[in-house]
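Asker: What follows is a predicted structure for the sequence shown.
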Amino acid sequence: MGSSTSNVFKGWDIPSWKPPKSMVSLQASAWDNEWRGDDTPRNRDAGGCNNDSHEVSRHRKGRSGARRHWCVSSDGKCANQGDKCTPGDHITYNASRQGHNPCKGANSTRFIGGGVDGNGNQKNFPGRTTDFQNANFGLECIFYNIDDAKLREWYNSYLKNHSGVKGNRGDGGGEYKWRSIWEQALLV
């Protein structure tokens, strides 16, 4: 038996083998960046934003018939937004409008909800007041292969201390409480 098992891996290039990617979906509360009047950073100005999982309106300006929306994208990138889009991170991880997008570094980011409607009012979305700390936006952050090293890197960062949602994910006790992105990843 010893000789037959020694040939099991014969011909395999074990050092270059990598496990398949595993996808982890985490959620985060997010806010607009700091207000600076007409100089407030945004990805683009438009007659209307796409208002989808990639782009929402953060502010409406102007009089009837000449209104413009200030659009922000979930990941700070310009995709299907026309040629007048400027890439940049215009979402923050806390209500004090500090920091950057809580999904920074994610493989994919999408809006769960948020933004403003055509009248300039904050859009409500499921869980906004109960789970997302009454944030301007709810985000889904998709990461591949969150490993031990990544969790250690996040330990003393905004992902552990500031950004997250309420829920009862993963601890086995089912307690409904606020969980940071770091806790969500740890308990997946």
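Answerer: Cool, got the structure. Residues are numbered from 1 along each chain as shown.
Asker: isn't D32 right next to R97, touching?
Answerer: Yes: contact criterion CB atoms under 8 Å: D32 and R97 qualify, at 6.9 Å. Yep, even glycine has a C-beta here, placed from its N, CA and C like the rest.
Asker: what about the two, which has more around it?
Answerer: D32 (22 against 14; other CB atoms under 10 Å).
Asker: quick one: contacts for that one?
Answerer: 58-59, 72, 90-92, 97, 136 (CB atoms under 8 Å, 6 or more residues apart in numbering).
Asker: how close does it get to K160?
Answerer: Distance from D32 to K160, counting by CB to CB, to the nearest Å: 23 Å.
Asker: from the contacts of D32, which is closest to S25?
Answerer: Using CB to CB, I91 comes nearest to S25 of the contacts of D32, at 17.9 Å.
Asker: In this protein, what residue spans correspond to helices?
Answerer: With helices called from DSSP state H, the chain shows them at 2-6, 148-154, 158-161, 181-186.
Asker: Among those helices, single out whichever gets nearest to R128.
Answerer: Nearest to R128, of all the helices of the chain, is helix 181-186, at 17.9 Å by CB to CB.
Asker: Please tell me how far the closest one is from the chain's geometric centre.
Answerer: Helix 181-186 sits 13 Å away from the centroid of its parent chain (CA atoms, centre = their mean, to the nearest Å).
Asker: Now the phi/psi pair for T40, please.
Answerer: Note on T40: its backbone torsions stand at phi -60, psi 130 [degrees, to the nearest 10].
Asker: dump the residue contacts of the closest residue in space to G76 that isn't next to it in sequence.
Answerer: Taking CB to CB, 6 or more residues apart in numbering, and ignoring the residues beside it in sequence, G76 has D89 as its nearest neighbour in space, at 4.2 Å. For D89, the contacting residues are 76, 100-101, 104, by CB under 8 Å, 6+ apart.
Asker: what bits of the chain have low per-residue confidence?
Answerer: Scanning the chain for pLDDT under 70 picks out the ranges 1-21, 80-83, 168-174.
Asker: 80 instead?
Answerer: Along the chain, the parts satisfying pLDDT under 80 run over 1-21, 62-67, 79-83, 118, 156-162, 167-175, 187-188.
Asker: State which strand of it is the longest.
Answerer: strand 23-32 (DSSP state E).
Asker: List the buried residues of it.
Answerer: Within strand 23-32, the residues scored as buried using 16 or more other CB atoms under 10 Å are 24, 26-32.
Asker: Do I have it right that G76 meets C103?
Answerer: No: the criterion here is CB under 8 Å, and G76 misses it with C103 at 9.4 Å.
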